[in-house]
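**Q** Here's a sequence, model it:
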Amino acid sequence: MDILKKATELQTAGINSCLVTVTEAGGGTPARVGFKMLVSEAGELFGTVGGGALENRVIEEAKELISRGRSRMLQFDLADLNMTCGGRISLFCEYLAGSRGFVLFGGGHVGRALTPMLEALDFSVTVFDNREEVAGLLRAENRTVIIGDYNDISEVADRVRSGRFCFIATHGHEHDYRVLKQLLELGVEYRYLGLIGSKNKVRTTLEQAREEGLKIPERLYAPVGLDLGGDTAAEIAVAIAAEVVAVQYGRPGAAHMRLPEVSTLA
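**A** Reported below is the predicted structural model:
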């Protein structure tokens, strides 16, 4: 397997990982200089640094580094790991941050206006829609468009978990709720979850969610966007993008349009 190619794929998908490279290997260690292993934040493994107790220890160290967003050099005496082959080994563990992933459900007018704005803010955008024609309208380099069924968003579940930025604006209230329900059932600690709609629609949606025993996350913004006054698709997209920036930088005083009861339900 081409480890570096896989590392690039994970980064593009917004998944954090740790690339471990053997830099020194002496004694009877089965590892060789240049051996590489990639560990994803979900614990997936690609490649090897020699196996056995050494590899198990390195995997745990890599997971810890991913959680902290750090890189470091590791050195081990294999005898200390109860490996009879003996010898010493040095490895460089490089933290690779995934592109900031943003999953957008709905490629309609607002979605098409919002997508390039989010990309300009350095997000890696995935658009999920159930209409075939949307793929052609949104096709662009480094952008993923997935055509699927709003009743089953499992195809983008990993992207949601890794990116934790989402926005729902499908072409129907029923679709919006089905997507929201599945997102809440994932149990993700969202950094931003926006839901388009009027105040009445949002109140109805929240009531339905409560009746079904769903937990409303703290970072649900509904109605979505800052109160900038515009109502065209482009103006709404600007309001949403501005809200995302405000949330990222912890500006709670920004003029969010979400209902006060949304935050109290979290």
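**Q** so what's the spatially most central residue of the chain closest to, chain neighbours aside?
**A** Residue closest to the average C-alpha location in the chain (Cα atoms, centre = their mean): Gly163, at 1.4 Å. Closest residue to Gly163 apart from its sequence neighbours, by Cβ to Cβ, 6 or more residues apart in numbering: Gly101 at 2.6 Å. From N, CA and C alone the C-beta is placed, and that goes for glycine too.
**Q** roughly how far is the helix or strand that neighbour falls within from the heart of the chain?
**A** In the assignment (DSSP states H and E), Gly101 maps to strand 100-105. Mean-position distance between strand 100-105 and its chain equals 7 Å (Cα atoms, centre = their mean, to the nearest Å).
**Q** partners of it, with directions?
**A** strand 123-129 (parallel), strand 165-168 (parallel) (DSSP bridges).
**Q** Mean neighbour count, the ones you listed: which tops it?
**A** strand 165-168 (a mean of 27; mean count of other Cβ atoms under 10 Å).
**Q** which residues of this protein fall in helices?
**A** Assigned by DSSP state H, the chain shows helices spanning 3-12, 52-68, 109-120, 132-138, 157-163, 173-185, 199-211, 233-248, 260-265.
**Q** thought Gly43 was touching Ala62?
**A** No: taking contacts as Cβ atoms under 8 Å, Gly43 lies outside contact range of Ala62: 9.5 Å.
**Q** higher neighbour count, these two?
**A** Ranked by neighbour count (other Cβ atoms under 10 Å), Gly43 and Ala62 place Ala62 first, with 28 against 10.
**Q** And His173, how far from Pro30?
**A** 59 Å (Cβ to Cβ, to the nearest Å).
**Q** Tell me how many other residues surround Arg112.
**A** By other Cβ under 10 Å, neighbour count at Arg112 equals 18.
**Q** quick one on the thing from earlier: give me the more crowded residue out of His173 and Pro30.
**A** More neighbours surround Pro30 than the other of His173 and Pro30, with 18 against 12 (other Cβ under 10 Å).
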